Each structure stands twice: as structure tokens, then as C-alpha cells.
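Engineer: Test case, fold it:
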Amino acid sequence: MTFFKNAIVGFVADKFQSHKLILILSCICTGPLYASMLAVPAISLSSQPIRVSYATLQCNSVDLINSPSSPNISCDQPLPCHQPNMCLQYTSQICSIQCHLNNNVSIAINSSQITFKNSSSIITYQSAEDTVSCTVSFDCEYDTPPADFTSLTFWLCLVIGVMAALFGSNELMMNDAIALSLLGEDRKRWGRSRLWGSAGYGLSALLVSILIEKLGLKQTVVANQIDYTPAFYIYLLLSLSSGAVAYFHPKGNVAKSSQVITGLKSILQNVRVVSFLFIILVLGFYNGIVMTYAFLYLRVTFHATQINIGLCVLVSVLVEFPIFFIGGWIVEKVGTLPCLYLAMAAYAVRFISYVYIPGPMWAIAVETTHMFTFGLMFTAANMHAGKITTKGYTGTIVGLINGIKWGLGLGLGSLLGGIFADTYKTELDPFGYKILFRCCAVSCGVFLVVFILINEGVIRFLCTPAAQANSDSEGKDVKIAFIAKKDAEKAELPESENLVKKEGV
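Structural biologist: Next comes the predicted model:
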């Protein structure tokens, strides 16, 4: 959904010259939407009655001694888990009655399959049912029951979450489009403007994590649970403030609406651009796995605290600073594709490191790879977006790239990664995260080799010498149309790309 939405919003922004308006609306709508989740009625965590079965019999001690196991009561159905490591649960500690070997005792058992030396020694046998309740919490040792997808809480959270995500994803996209439009040929400075976003992201993550860890505990019927309410209010305040600041954004240059589709078609006919977009898709896939499961892995495996998570985010942001500051220079020197290859290799290191770290604090060192998997990759992608377009439809291209990475790629990574982990989880890897990360590390290496062979071998061979002379053989591709040899004499770039009308955004 985000993939199509980003492409459409970018096109609409270019067509109606409304980049700043969309940015302001996105800022002032996202915060209130997320904050409205606080009004969604919570699922009740009170104890629930459970039907248990038991049988009563009378026998002599000899028969009981020869029984295969000590009789006990066991619950037919556990209560749902409410936290990863805590749940309301009937366990043997609660629902067990051990057999004391006395003559003619009356005991409750969960099965009538007891071996007796002399069946005639059974005097009476009775079975009955009773309803009991349990409010004691224990470590959850069983699979949680399926979620209730019919509840009002689920559907309200789903609808609000989707709407908020759709608005929220417009903010960075429109910011990037406006920045690239203003920078023009000096697009290598884009990373320096992005530094401020990284600083705010990292600082807020750490401060909010500390605030939640210290003040965000509330007493429930189950146990002390983390209260994330402060984060919602802080996000609401910052979101509305961003909308006010966006009002003072300067205006950039845009082209006529008729040029957008023409320019986009000429760009997508470029075989190197298509290859570039596919690499972005794969990187977005891995980014979806990291964003969805990395911190969850730290929580369930090492019981990482909110402060541990906040420190990881802070470090990942700090390492972005040098890359965003000099990333434009790096991309110009080595080219777009080599930077993306480096990001792919960094993902392989990141995934395999998650598997073998001994504790949550080691994840801080792993997060340093974020400078390549996000900082360098994002800089290269946005600079490339500026290279393959002219002023006027930058929003469309930026929307397409963001939709592929943050929409289609990230969504596929989150969905397929979860399915894979759940399918191949084992007793030693109960959540399947380690096998998921191992397979991702291996696939990163495979994709890296394939991409290098395709871009530096097949595509280079298919391109005409004339096209190669105008391209950057090291990946620094500009707005040119590569074609197969048989079509070399017939193709040319549309002249409409050179038409630029200077108007307000």
C-alpha cells in the first residue's frame, strides 16, 4: 500500500505543485492519528474461568503403587499471554495434586488410564467438571492462543495505524524532494541537511526510552507493564511543531504537469535505472527484517531494557553523522552502485553478528553497520534520484524510490521474515530469529555477487559503446537512456526533459 501511495503522492505533488502543502498536512495529521490510539479501549486482562475435568476413584494402595505415574489435575486450556515473558497460566504448580499412598483415598486425576493389578479392587469411579479461576502469573512456557481478529480493539488499531503510517511516510519523502529541488546540481550537500533529522531521531529515542523506563510503569491485574503513553504525547507535540516549521519552507522549481509522465517513462526505459530500483527493493527487504525483528530479538533473547534499545538507536544515529556529512563526496568518487554493494555487504555482517552476540550491549557495536546499511545507501539513492531527473518531477522519482524501499521492500521483509521465522523455529531457537538472520546473511552474499555480475557484466555488454561513453562505468549514472545494440540508432532522450518552469512548490 505504501509503495503505490508514495508513487501517487509524489506524482500529485509534482502535478499540482503542492509539495509543501502535502508536507504540512502530513505533519499535522500524523501526530493526532497516533495519539488517538490512546482512546482505543484496551483488551481486558482480568482472570477468566477455565473448565477443568477431574475424576474421583477409590482403590487400595497396591494398585496405586503400580500406576504408571502420579495422578494430577491439568488444565484443559491456558489463559492468553500478555507479555513476551509473562502470562496468566495454569501450570503444574497450580493445578497439580500429588497422590499420597493411603488406603481408600479419594483423589482427582486427569486420566482414567491407570493400570491396576486387580480391576475388581476398584470400588467407585466418578467423573465431574468444575469451573475455576486463576490470577497468578508465571513464566509463559506454552504457545499463545490465536489473536482475536474480530475484536473492536484490533480493528481500531489497524485502521488508525494504517492511516497514520500513510500520512507519516509523506514527511521524509516531501522533505527530500524539496531539498533536492533546492540543491539542484549541488545535491552532494543533501546529506548535511539530513544530519538534523538523524540528530533529532537519535536524541528523542534515547530521552523517550529513559522517560518510559523510569516513569512509564503502571500496575495492572497481571503485573507491572510498560506504559508507552508519554511517547504518544511527545510525538503529537513534535508532529504539530514540524507542521508549523514546514510552513516556512522555501519554494523550489517545478515543471509543467505534462512533463511528469513523459520524463518518468524515459527514466524507466533505462536498464541501469531498473537495476538500481531492484537493488533498492532488496535492500528495503532486509531493512524490513532489521526494523521488525532485530530489537524484538534482543528483547526476547536477552531481555533487553528500553534503555538498551535506546542506546542502540542512539549509536546507529551517531554513526550516520560522518556518512551524511561526507557521503556526497564518497558517492561522487566511487559511484552509486559500489555504495549500494557496500550496503549489501554491511547487511550480511549485521545479520550474522546478531546471531553470535552474547548479550544486548554487544548489539551497540553491531549498530555501527547502520552507517552503511542506511546512511551511505540513503545518500546514494537520493543523489541518484537527483541525477536521473530534472527539476520538476523530483517528487515523483523520490516517491517511487521511497515507495520501493519503505513500502514494498520493507513490507515484504516484515511479512516474509515473520512467516519464515515462525515456520523454522526450533526448541533451541523458539522464535526462529537466529535461523532467519543466518539465512539473510547468506542471501546477502548471494545477491551481492549476482548484482555485481549483472551490472558490471551483462548490462555493460548489452549497452552500446556510445551509451557507455556517456555513462559512468563505476556506477555514477546520469539521465541517459541505455538501449540494446539493435535499437541503438532509433533511441534518443525526450527533449521535454530540458523544459523547466520556475514556479512555487
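
Engineer: Let me see the contact set for A246.
Structural biologist: If you count contacts by Cβ atoms under 8 Å, 6 or more residues apart in numbering, A246 has them with 20, 23-24, 27. Heads up, the C-betas are built off the backbone N, CA and C, glycines and all.

Engineer: Go through those and name the one nearest A304.
Structural biologist: Using Cβ to Cβ, C27 comes nearest to A304 of the contacts of A246, at 31.3 Å.

Engineer: could the contacts of A246 be laid out in CSV, adding pLDDT, distance to G395 and secondary structure?
Structural biologist: Below are these laid out as CSV (pLDDT from 0 to 100; distance: Cβ to Cβ, whole Å; DSSP: H, G, I helix; E, B strand; the rest coil):
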residue, pLDDT, distance to G395, secondary structure
K20, 88, 11, helix
L23, 91, 10, helix
I24, 93, 15, helix
C27, 93, 16, helix
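
Engineer: between the residues you listed, which is nearest I323?
Structural biologist: Nearest to I323 among the contacts of A246, with distances taken as Cβ to Cβ, is L23, at 24.7 Å.

Engineer: Which elements pack onto the longest helix belonging to the chain?
Structural biologist: Counting residues, the longest helix found in the chain (DSSP state H) is helix 152-183. Counting contacts by 3 or more Cβ pairs under 8 Å, 6 or more residues apart in numbering; DSSP states H and E, helix 152-183 is packed against helix 2-16, helix 19-35, helix 190-215, helix 377-387, helix 394-402.

Engineer: returning to what we had before: got a winner among the contacts of A246 for most neighbours?
Structural biologist: L23 (26 neighbours; other Cβ atoms under 10 Å).

Engineer: what sits against it?
Structural biologist: 170-171, 174-175, 178, 246, 249.

Engineer: do that again at 10 Å, thanks
Structural biologist: Counting by Cβ atoms under 10 Å, 6 or more residues apart in numbering, L23 touches 13, 170-175, 177-178, 242-243, 245-247, 249, 505.

Engineer: Can you turn the buried part of these into a PyMOL selection?
Structural biologist: In PyMOL syntax, the buried subset of these is picked out as below (16 or more other Cβ atoms under 10 Å):
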select buried, resi 13+170+171+172+173+174+175+177+178+242+243+246+249+505
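
Engineer: from the contacts of L23, which is closest to L428?
Structural biologist: Of all the contacts of L23, L428 sits closest to L172, with 39.5 Å by Cβ to Cβ.

Engineer: one step back: and the longest helix of the chain, what's buried?
Structural biologist: When neighbours are counted by 16+ other Cβ under 10 Å, the buried residues of helix 152-183 are found to be 160, 164-183.

Engineer: now do stretch 184-197
Structural biologist: Judged by neighbour count using 16+ other Cβ under 10 Å, the buried positions of stretch 184-197 are 187-188, 190-191, 193-195, 197.

Engineer: Mind listing what's buried along stretch 374-383?
Structural biologist: Buried, per 16+ other Cβ under 10 Å, within stretch 374-383: 374-383.

Engineer: Out of those, which comes closest to D422?
Structural biologist: Closest approach between these and D422, by Cβ to Cβ: F374, at 26.6 Å.

Engineer: Leaving out the residues flanking it, which one is nearest to the closest one?
Structural biologist: The shortest distance from F374 to any non-neighbouring residue, by Cβ to Cβ, 6 or more residues apart in numbering, is to E320 (6.8 Å).

Engineer: Need the pLDDT of that neighbour.
Structural biologist: Here, the pLDDT recorded for E320 equals 89.

Engineer: ok, it - contacts?
Structural biologist: E320 sits next to 191, 194-195, 197-199, 201-202, 327, 370-371, 374-376, 378-379 when contact means Cβ under 10 Å, 6+ apart.

Engineer: among those residues, which one has the lowest pLDDT?
Structural biologist: Of all these, G202 carries the smallest pLDDT score, 77.

Engineer: how much space between the closest residue in space to that one that isn't next to it in sequence and H370?
Structural biologist: Of all residues not flanking G202 in the chain, V317 sits nearest, at 2.9 Å (Cβ to Cβ, 6+ apart). V317 sits 8 Å away from H370, going by Cβ to Cβ, to the nearest Å.

Engineer: wait, isn't S209 in contact with V313?
Structural biologist: Yes. Between S209 and V313 there is a contact under Cβ atoms under 10 Å: 7.7 Å.

Engineer: Could you pull up the residues touching the nearest residue to I357 once chain neighbours are set aside?
Structural biologist: Nearest non-adjacent residue to I357, counting by Cβ to Cβ, 6+ apart: A363, 5.9 Å away. Counting by Cβ under 10 Å, 6+ apart, A363 touches 294-295, 297-298, 302, 304, 308-309, 311-312, 315-316, 353-354, 357.

Engineer: part of a helix, is A363?
Structural biologist: Yes. Counting by DSSP: H, G, I helix; E, B strand; the rest coil, one finds A363 located in a helix.
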